[in-house]
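1. What would the 3D arrangement of this be:
(2 chains)
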Number of protein chains: 2
Amino acid sequence: MTRKTRLLTRSLTVFMALATLQAAVPQQASPPMLGFTAESGARQLELERRFDSYLDAGNLEQWMRYITSKPVYTGSPHNRETALWMVEQFRSWGFETRLDEYQVLFPTPRIRQLELVSPTRYTARLREPTLPGDATSGIEEDRLPTYNAYSADGDVTAELVYVNYGIPSDYEELERRGIDVEGKIVIARYGGSWRGIKPKVAYEHGAIGCIIYSDPRDDGYFQGDVYPDGPYRMEHGVQRGAVQDMPLYPGDPLTPFVGATPDAQRYTVEEAPTIMKIPVLPISYADALPLLEAMAGPVAPASWRGGLPITYHIGPGPATVRLHVEFNWDLVPAYDVIAVMQGSDFPDEWVVRGNHRDGWAMGAADPTSGMVALLEEARAVGELARTGWRPKRTIVYTGWDAEEPGLLGSTEWAEHHRDELHEKAVLYLNSDGNGRGFLNAGGSHSLERVFNEVAKEVQDPQTGVSVWERSRARRAVSGAPEAQGDGDLRISPLGSGSDYTPFLQHLGITTLNIGFGGENGGGSYHSQFDSFDHYTRFGDPGFRYGVALAQVAGRLVLRFADADVLPMRMANYVTTVERYLGEVEELADDMREETERHNRLVEMDAFRLQADPTETYVPPTAEDVVPFFNFAPVQNALASLERASTDLDRTLADGLQSGSLTPARLAEINGILQEVEQALTDEEGLPGRPWFRHMIYAPGFYTGYGVKTLPGIREAIEQREWDLVDPEMAKIAAALARVTELLRRATGGMVS
Amino acid sequence: MTRKTRLLTRSLTVFMALATLQAAVPQQASPPMLGFTAESGARQLELERRFDSYLDAGNLEQWMRYITSKPVYTGSPHNRETALWMVEQFRSWGFETRLDEYQVLFPTPRIRQLELVSPTRYTARLREPTLPGDATSGIEEDRLPTYNAYSADGDVTAELVYVNYGIPSDYEELERRGIDVEGKIVIARYGGSWRGIKPKVAYEHGAIGCIIYSDPRDDGYFQGDVYPDGPYRMEHGVQRGAVQDMPLYPGDPLTPFVGATPDAQRYTVEEAPTIMKIPVLPISYADALPLLEAMAGPVAPASWRGGLPITYHIGPGPATVRLHVEFNWDLVPAYDVIAVMQGSDFPDEWVVRGNHRDGWAMGAADPTSGMVALLEEARAVGELARTGWRPKRTIVYTGWDAEEPGLLGSTEWAEHHRDELHEKAVLYLNSDGNGRGFLNAGGSHSLERVFNEVAKEVQDPQTGVSVWERSRARRAVSGAPEAQGDGDLRISPLGSGSDYTPFLQHLGITTLNIGFGGENGGGSYHSQFDSFDHYTRFGDPGFRYGVALAQVAGRLVLRFADADVLPMRMANYVTTVERYLGEVEELADDMREETERHNRLVEMDAFRLQADPTETYVPPTAEDVVPFFNFAPVQNALASLERASTDLDRTLADGLQSGSLTPARLAEINGILQEVEQALTDEEGLPGRPWFRHMIYAPGFYTGYGVKTLPGIREAIEQREWDLVDPEMAKIAAALARVTELLRRATGGMVS
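-> Sure, this is the predicted structure:
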């Protein structure tokens, strides 16, 4: 029965996809702009052409040169300098601008020591060298050493165990080999999940320390020529980064749910649930090599082996290391730049546009490449305003601080302004690092259509076709079915990893995250070498994709600011959630079959008999069978939502075409559309992590950045917590029902 | 319609597989031995138990120590010594024994030089070192240097191009990047195909030289600890090997189709079509590193990158090398050891059992591990004969010379004795290197059932269960559907790579190739380190799997020697060919869909638009569409064969159970079964390579060792030679019809 329903859902999805394709055909001739009348749409196109004419790549280059001249991490002098400078810039462009300050926990290292103490000795270098051709690589003033923020203090000595990426499935492999990390120090390579998952899972398994290194296979010479010859990570390059338990909640570890104002109630460091309980240190592959080379024990499985010229062994030991790290556990100020241009007609409807402005070192690609595009975009909006135009809705440009340590600037601001945002925000549009290549987008699926419309109007700087067409070509060649025709290109669901998270997953603001990339491969991420020199050679020479980002983002901001009806299209949301539901049903069926197969093999004793008797092997045991689940509540809710969304889309299209929607009706509809994404959040949040409230999108509890769609039921099934499925199913169904109710209200209650 | 037929074929296959499973259930209680009556089967089991009791692992160890004490390659003094010694051994065990001598072309190197001449200089070492703990690694007397036999003489200097595995699809990648190997020297890594394919394809593309190296990812430290710490290839280890165009024909390049007797008509070296036209040299990864490191040009695609600590570049150049090789183009004697025990009842029905006895250096694993098991098996058969037992059919034990340079000893013998073998051979049973682990088998699918029966009666030395059960466990865990129950485990189709090829694919003798392995990983293949020391540490310590091989092979020989009806079961052959046909139909359908998809992308200009404009990229052009093919001739032939085989199996089972088959009928039936495999050969052979006559199994024209089943139609489709499909389809259908006709005659012509 489940399978049948799944097939039905699939047919529906296919049908909707086809409908989308067909609907697109007449649009090619004379595309109506979503949310605008023919007349207001034509005016908007004209406005956007003027907007484009103001953009100047030279500004991006000049600003990046200034911002990346000194270390720009949270709490650094240059971080404050550049914040004040941005305030001045925004003001000069006509924005009401302020610095919003929060007091956040940002540990910096006092002691960092890593030594191989036996069977041979080696002291880790833990320092990135000065390189010819990279002007800021040798900078000493305010240099931030390589470390993982929110590691515990600790001084531990133990044998090493190599745990591959250090994710849960890796520990299953260790179990098969009878290897326990209890009391050991694990060494994991970067990749396979967000970095914070590695020490968390290691700690859950009893490890007392965690070393994370960049393997050259994933992030070094295997990928391409290393810096400064090429863009990839050189042997001493280190990936800094935060390792708090972000899937629980991001932001300041001491102040979940509330803004980190001076008088906020705070956890102590010891109490803070997201701070790691064991010491963690990131190292380069040059530092990892002597450690891994000194290991013995079983040879690592083929998929665990990296690019170093050694045989990878799992251990434990004999390599024994001493890991000693201590930190200054200081509260430091995080400065969010907030620049506002009041809306003429709907000042209490906010279009919020953000990018972070702090980096780990020089921060050229991450985040300055995106930040300078945002600045240029804001400057051009200011130019428009100078000509007499005013946005109908209020535009809020932001430059977040303290994103790198865990989305602190944006999270504290979002938590602090929760009520206002719930009431007023119609869009949060995010960007972060930007590079040469293809336009990508992720976010609320109500934005899929407007994103496609905008992408068709911006020209790819290298090929002259639209950025939409170039993106479609790439997806078509890689086999994406929707890219074979002229239908909407899909946007991705969002997990975490940038400042959209508090807006989308905590507050339920309609959110989009955009950026270019794919042809700017490299390994400067979170290293001293993420510099102006690196970026202008390998990231986006000439800042042509920086300008393209400003064009895409600027259009989205202007459309949301001026639209008659907020340019959201619920049909895309519905088909997307139907697709996710189909995936979860398939997941359950696949797990059920796989469990049956597994248990049959256990019964046959096949696992033991296929193993090499000369090696330690602990055969897996039988698994609990996967029950059948009741997907009907969500299926029914989706069926209702589909009808309501079709009715609303038709009502809006007709109304805009005929001019029959009064200003009052328009205001009412926009008020309702503003609430749609919030209706998809649940007050209780997800199981065990109430901060994450969105019922459709969440970062995975064991992936960190990687998204889990319909997370309540998907993670319950993946983690075999069968009892959670029914209640989470009910929460999702209720959320969808709330949206249906809103859409019916917007349509005018005429439709059943 | 094609798809429908395919589904039908599949259902039939599933049905047959189920039938096989069900048929197996009652057999568990009291399994009838295929080809025997209840009474003769019981006697046979008793005989096999006695056979087992004679086997002594100590002999295998002692003999291997002697054989591997000096280099044993074709033409070496110790090769002749050990041949004469084997003759003495067989004689002492009661076999009529002789040495059959052929004069074969076996080039050995006079000059081997490889130098990087720019931009830096490096002279390749081309020599494997003396290693502590490997007693024969430093041997100087009669040492055979590292080289590829049947390379052309040549002295060439040119830029290098890295071509990955050097197979046709790699050259498509080069084409996308606008890189031509015309006038260049290619450097390819071992793997992905048989080595001889690499210089052949390089030459087809205009290259003037070919270097082949062992990359540590495929064959070195990436796989595990290197010798002498572990079994894997150390940095200076080199894989020797022949590189003539074996998919055209194996054996002496000067005498295709005929035995290389002193007076045979011979090609000159210049005329011989299988000798490479460009110089070829194999090198170690230590010698490859400076060459690859000196290359520039585009970074190699991810799947091309190996395990060296460098960024892999394609070139061309700037690395420029001089490759200079010259050879002694000598005819040398190849000595085949032939030991015969005459059959008491059917002396003109031959059970031929073979293994080669020549190696590239010391030849411990390859081939002595298999050869000493064969010797011990023959000794035990001799012991049985000493007790008064005589085989009903003639048993012929063979030790082939000159397998390494290209199956010369076996091929010349098979060609020389073509008529006798066509008339008399009922089985060719081959083995080659043997190791610790799991029993594998490949060959004529009429032997699937008897192989399964035998495998159930031999105990795995490490676990105590049968070797069948252990093999099933491994296959079950890896997901093989047939291994989930108690049905017959499938045997593989045979391509090439050992001495079965002339028997099966040229003469059409019913053939099986068997061996143990999978737990003896290592990298001694064709190196100086394939030694007694290496093998007894890492290959099969205690020679327990050598004894198990003798048990399996001995049983098969004894059953074929004594069976009332030759133990072949055609039902397995039919279901297998049905499966292959299904695969070819699917291949055509998939290629058709893939071509349509490809051409749509070409039309959209998607290939050009998805490429990085800063890199050279030549978009692919449209492909000719894949027509629909007429599979009916083979489908109809299979349907008839299926009926005939069912009838025959029933007739034989009933006849053996009731005792109703007279000796004359039995002789008639056996005479017919002896011809079945020959009926599957075609006088014309395969397109462009008439030496390969089997219509069901062949080595791939561009894989070398890798099998292509139904090769006539499969390769015609793969290589887009549509016009070949119909005629090849007809040849296959005719071959199957010949078998049907034979089976009907055997059944007694009673069935339509």
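2. For the rest of this, base every contact and every neighbour count on C-alpha atoms.
-> Fine.
3. mind listing the strands in the stretch 251-400 of chain A by residue range?
-> Listed from the start of the chain, the stretch 251-400 of chain A has strands (DSSP state E, counting those that start in this stretch) covering A:280-283, A:320-328, A:331-341, A:346-356, A:393-400.
4. out of these, nearest to B:Phe692?
-> Distance to B:Phe692, taken as C-alpha to C-alpha, is lowest for strand A:280-283 among the strands of the stretch 251-400 of chain A, at 57.7 Å.
5. Quickly run through the sheet partners of the closest one, with directions.
-> strand A:209-213 (parallel) (DSSP bridges).
6. Would you mind naming what in the stretch 401-550 of chain A lies close to chain B?
-> Contact residues (C-alpha under 8 Å from any C-alpha of the partner chain) of the stretch 401-550 of chain A with chain B: A:Gly437, A:Gln462, A:Thr463, A:Arg470, A:Ser471, A:Arg472, A:Ala473, A:Arg474, A:Ala476, A:Val477, A:Glu519.
7. now those as a markdown table including secondary structure and pLDDT?
-> What follows is those, written out as a markdown table (DSSP: H, G, I helix; E, B strand; the rest coil; pLDDT from 0 to 100):
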| residue | secondary structure | pLDDT |
| --- | --- | --- |
| A:Gly437 | strand | 97 |
| A:Gln462 | coil | 97 |
| A:Thr463 | coil | 96 |
| A:Arg470 | helix | 97 |
| A:Ser471 | helix | 97 |
| A:Arg472 | helix | 97 |
| A:Ala473 | helix | 97 |
| A:Arg474 | helix | 96 |
| A:Ala476 | helix | 96 |
| A:Val477 | helix | 96 |
| A:Glu519 | coil | 96 |
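8. Type out the ChimeraX command that picks the buried ones from these.
-> Buried residues within these, by 16 or more other C-alpha atoms under 10 Å in any protein chain shown, are selected in ChimeraX with:
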select /A:437,462,470,471,472,473,474,476,477,519
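9. With respect to B:Tyr705, which of the residues of the stretch 401-550 of chain A next to chain B is nearest?
-> A:Val477 (32.5 Å).
10. Enumerate the residues of the stretch 601-750 of chain A near chain B.
-> Counting by C-alpha under 8 Å from any C-alpha, the stretch 601-750 of chain A sits next to chain B at A:Leu601, A:Met604, A:Asp605, A:Ala606, A:Phe607, A:Leu609, A:Gln610, A:Asp612, A:Pro613.
11. Buried only: go through these for me.
-> A:Leu601, A:Met604, A:Asp605, A:Ala606, A:Phe607, A:Leu609, A:Gln610, A:Asp612.
12. The fifth one belongs to a strand, doesn't it?
-> Just to be clear, that refers to A:Phe607. No. Checked against DSSP: H, G, I helix; E, B strand; the rest coil, A:Phe607 lies outside a strand; its state is helix.
13. Pull the number of nearby residues for the nearest residue to it once chain neighbours are set aside.
-> Distances taken as C-alpha to C-alpha, 6 or more residues apart in numbering or on different chains place A:Pro619 nearest to A:Phe607, at 5.7 Å, with adjacent residues excluded. For A:Pro619, the count of nearby residues is 18 (other C-alpha atoms under 10 Å in any protein chain shown).
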